[in-house]
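Peer 1: all I have is the shape, not the residue letters:
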């Protein structure tokens with residue numbers, strides 16, 4: 001409870017300068033931790049950030065009977081003695097991504113018991129795609145007083161599955177269930193996100209046979225069992241975009257290292273369009289200089305990868321609140337993804353929202369105020385805006401931010417921000 005009462009306090013007006021090494025990807029480390037359930041040997045994951053969501057996944061693994069340890073950014077999981085197939089309700093409620101354990105547990109045990117997961121409230125994110133796919137793979141699903149009992153009496157069977165929408169979570173869950181299924185599984189209209197590729201690369205190191213990850217069709221040939229392996233989590237593309245926005249909104253200059261340029265292709269052109277000087281080096285470094293006058297990028301439309309990511313939308317919105325001109329955001333992934341707009345308006349922004357469209361009229365300045373993080377990326381957007389505010393911005397509900405950013409206040413303080421957690 002004490003952690004939930006903490007706030008991030010930002011005194012704006014400081015130009016950011018320096019270097020930031022990018023943390024491992026939250027949206028990758030969680031399915032990777034779920035995947036370790038399938039391994040009969042020890043799995044070692046490098047570049048794992050310290051996040052509250054990762055801690056929740058750690059606790060889920062512990063409840064399942066896996067042996068887990070962390071040393072700095074390295075997590076080791078030994079699932080050889082896994083003894084449980086049920087995720088406690090409390091842990092399911094802590095994070096939306098807990099649903100990805102369903103496919104892994106089914107793949108390992110052929111049955112599991114679980115409740116509806118929690119996480120950020122961004123609108124309807126139905127798990128129907130997951131359940132329908134599992135039914136095609138021979139899984140029987142029974143609703144039992146708020147819990148779901150899933151069993152595969154004849155084992156998990158390979159199937160041809162066409163997703164109505166390229167859902168990242170559903171694609172991950174199907175892959176996890178399919179790698180040790182009987183026969184071949186084909187996923188059509190699969191999600192193409194880099195995190196899908198990272199998960200598949202790890203599973204293939206463990207002995208899986210997955211082809212086509214990153215494309216619209218993924219083929220998995222089931223194998224009898226998986227061994228352990230070592231793997232390095234990919235850099236977080238959303239965190240990279242966040243700190244680029246922080247540099248731009250303070251008219252600063254940053255060198256971002258240990259990132260992955262290929263995963264940022266939907267985002268980088270927008271910074272050029274706004275007038276930032278952006279230089280890339282060696283496929284893993286980005287230099288951002290925002291000393292020149294910036295301008296609105298015009299219109300930003302979110303879409304599934306390789307389109308502009310919905311997770312980066314709140315950060316760009318925070319930045320555009322102080323850019324001359326009008327910026328239009330069209331949100332095509334989540335219908336409730338503009339909750340941060342009202343909080344940004346409390347800082348003096350001028351944002352009008354109507355259904356899936358948000359119109360931002362740039363203002364000359366923002367002013368500090370007390371605001372509340374409504375979700376993970378919306379919270380990071382408020383931190384970004386606070387860096388440019390006159391006066392002090394106090395952000396509450398920062399437990400949302402801790403789900404995806406490793407010590408955001410320490411990172412920003414290291415490059416010149418006047419920011420603290422209290």
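Peer 2: Received it, and whenever you're ready, just let me know what you need. Values in this document were obtained by computation on a predicted structure and should not be read as measured data.
Peer 1: so residue 160 touches residue 189, yeah?
Peer 2: No: between residue 160 and residue 189 there is no contact, the gap being 11.6 Å when judged by Cβ atoms under 8 Å. Heads up, the C-betas are built off the backbone N, CA and C, glycines and all.
Peer 1: skipping adjacent residues, who's closest to residue 186 in space?
Peer 2: Residue nearest to residue 186 in three dimensions, not counting chain neighbours: residue 160, with 4.6 Å by Cβ to Cβ, 6 or more residues apart in numbering.
Peer 1: what about the one you found, how many neighbours?
Peer 2: The criterion is other Cβ atoms under 10 Å. On that basis, residue 160 has 11 neighbouring residues.
Peer 1: OK, contacts around it?
Peer 2: Listed by Cβ atoms under 8 Å, 6 or more residues apart in numbering, the contact partners of residue 160 are 136, 185-186, 188.
Peer 1: so who does residue 297 touch?
Peer 2: Shown here is residue 297, whose contacts under the criterion Cβ under 8 Å, 6+ apart are 270, 273-274, 316, 320, 323, 327.
Peer 1: what does residue 36 give?
Peer 2: Contacts for residue 36 were tallied using Cβ under 8 Å, 6+ apart; they are 43, 45, 61, 66, 77, 79, 228.
Peer 1: got phi/psi on residue 315?
Peer 2: As for residue 315, its main-chain torsions (degrees, to the nearest 10) stand at phi -70, psi -40.
Peer 1: isn't it up against residue 377?
Peer 2: Yes: under the criterion of Cβ under 8 Å, residue 315 makes contact with residue 377 at 6.6 Å.
Peer 1: list the residues that contact both of the two?
Peer 2: residue 238.
Peer 1: domain boundaries for this protein, per the record?
Peer 2: As assigned by automatic domain parsing, the chain contains the domains 3-23+235-421, 26-232.
Peer 1: could you point out the helix or strand that follows the lowest-mean-pLDDT helix or strand in the chain?
Peer 2: Ranked by mean pLDDT, DSSP states H and E, the helix or strand of the chain with the weakest confidence is helix 89-94, at a mean of 76. Scanning forward in sequence from helix 89-94 by DSSP states H and E, the next helix or strand is helix 100-109.
Peer 1: tell me what that next one is packed against?
Peer 2: Applying 3 or more Cβ pairs under 8 Å, 6 or more residues apart in numbering; DSSP states H and E, one finds that helix 100-109 contacts helix 26-35, strand 111-115, helix 128-136, helix 168-178.
Peer 1: other residues contacting the shortest one?
Peer 2: Residues external to strand 111-115 that are found in contact with it (Cβ under 8 Å, 6+ apart): 85-87, 89, 92-93, 99, 101-102, 105-106, 144, 146-152.
Peer 1: so where is the stretch 151-300 of the chain shaky, pLDDT-wise?
Peer 2: Low-confidence segments of the stretch 151-300 of the chain, defined by pLDDT under 70, are absent; every residue clears the threshold.
Peer 1: that one: helices as residue ranges?
Peer 2: In the stretch 151-300 of the chain, helices defined by DSSP state H, counting those that start in this stretch lie at 168-178, 194-205, 237-249, 268-274, listed in chain order.
Peer 1: right, and those helices - which one's nearest residue 37?
Peer 2: Counting by Cβ to Cβ, residue 37 lies closest to helix 168-178 out of the helices of the stretch 151-300 of the chain; the figure is 8.2 Å.
Peer 1: just give me the neighbour total for the spatially closest residue to residue 292 that is not a sequence neighbour.
Peer 2: With sequence-adjacent residues excluded and distances taken as Cβ to Cβ, 6+ apart, residue 292 is closest to residue 275, at 5.4 Å. In terms of burial, residue 275 registers 16 neighbours under the definition other Cβ under 10 Å.
Peer 1: tell me the centre residue of this protein?
Peer 2: In the chain, the C-alpha nearest the mean C-alpha coordinate belongs to residue 27, at 3.6 Å (Cα atoms, centre = their mean).
Peer 1: mind listing what that residue touches?
Peer 2: Applying Cβ under 8 Å, 6+ apart, one finds that residue 27 lies in contact with 97, 168, 193, 195, 236, 238, 311.
Peer 1: of those, closest to residue 259?
Peer 2: Proximity of these to residue 259, judged by Cβ to Cβ, is greatest for residue 236, which lies at 8.2 Å.
Peer 1: was I right about that closest one contacting residue 21?
Peer 2: No: between residue 236 and residue 21 there is no contact, the gap being 11.1 Å when judged by Cβ under 8 Å.
Peer 1: so between these two, which is more surrounded?
Peer 2: The residue with more neighbours, out of residue 236 and residue 21, is residue 236; 29 against 14, by other Cβ under 10 Å.
Peer 1: look up how far residue 312 lies from the more buried one.
Peer 2: When Cβ to Cβ, to the nearest Å is applied, the distance between residue 236 and residue 312 equals 11 Å.
Peer 1: could you flag which of the contacts of strand 111-115 are buried?
Peer 2: Buried by 16 or more other Cβ atoms under 10 Å: 85-87, 89, 92, 99, 101-102, 105-106, 148, 150-152, out of the contacts of strand 111-115.
Peer 1: PyMOL command for the buried members of the contacts of residue 297?
Peer 2: Here is the PyMOL selection string for the buried members of the contacts of residue 297, based on 16+ other Cβ under 10 Å:
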select buried, resi 270+274+316+320+323+327
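Peer 1: nearest to residue 416 among the helices and strands packed on helix 100-109 would be which one?
Peer 2: Within those, the stretch nearest residue 416 is helix 26-35; the backing value is 24.9 Å (Cβ to Cβ).
Peer 1: show me what secondary structure element comes after the closest one.
Peer 2: Read in the C-terminal direction, the helix or strand following helix 26-35 is strand 42-46, with elements assigned using DSSP H and E.
Peer 1: who touches that following strand?
Peer 2: Here strand 42-46 has contacts from 29, 32-33, 35-36, 73-80, 202, 206, 228-233, using Cβ under 8 Å, 6+ apart.
Peer 1: in its sheet, what does it sit against?
Peer 2: Strand partners for strand 42-46, identified by DSSP bridges, are recorded as strand 74-78 (antiparallel), strand 230-232 (parallel).
Peer 1: for the first one, buried residues please.
Peer 2: Right, strand 74-78. The neighbour-count check on strand 74-78 (16+ other Cβ under 10 Å) flags 75-78 as buried.
Peer 1: how about the residues you listed in JSON lines, adding pLDDT and distance to residue 351?
Peer 2: JSON lines is the format used below for the buried residues of strand 74-78 (pLDDT from 0 to 100; distance: Cβ to Cβ, whole Å):
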{"residue": "75", "pLDDT": "97", "distance to residue 351": "39"}
{"residue": "76", "pLDDT": "97", "distance to residue 351": "45"}
{"residue": "77", "pLDDT": "97", "distance to residue 351": "43"}
{"residue": "78", "pLDDT": "96", "distance to residue 351": "49"}
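Peer 1: no further queries at this time; thank you.
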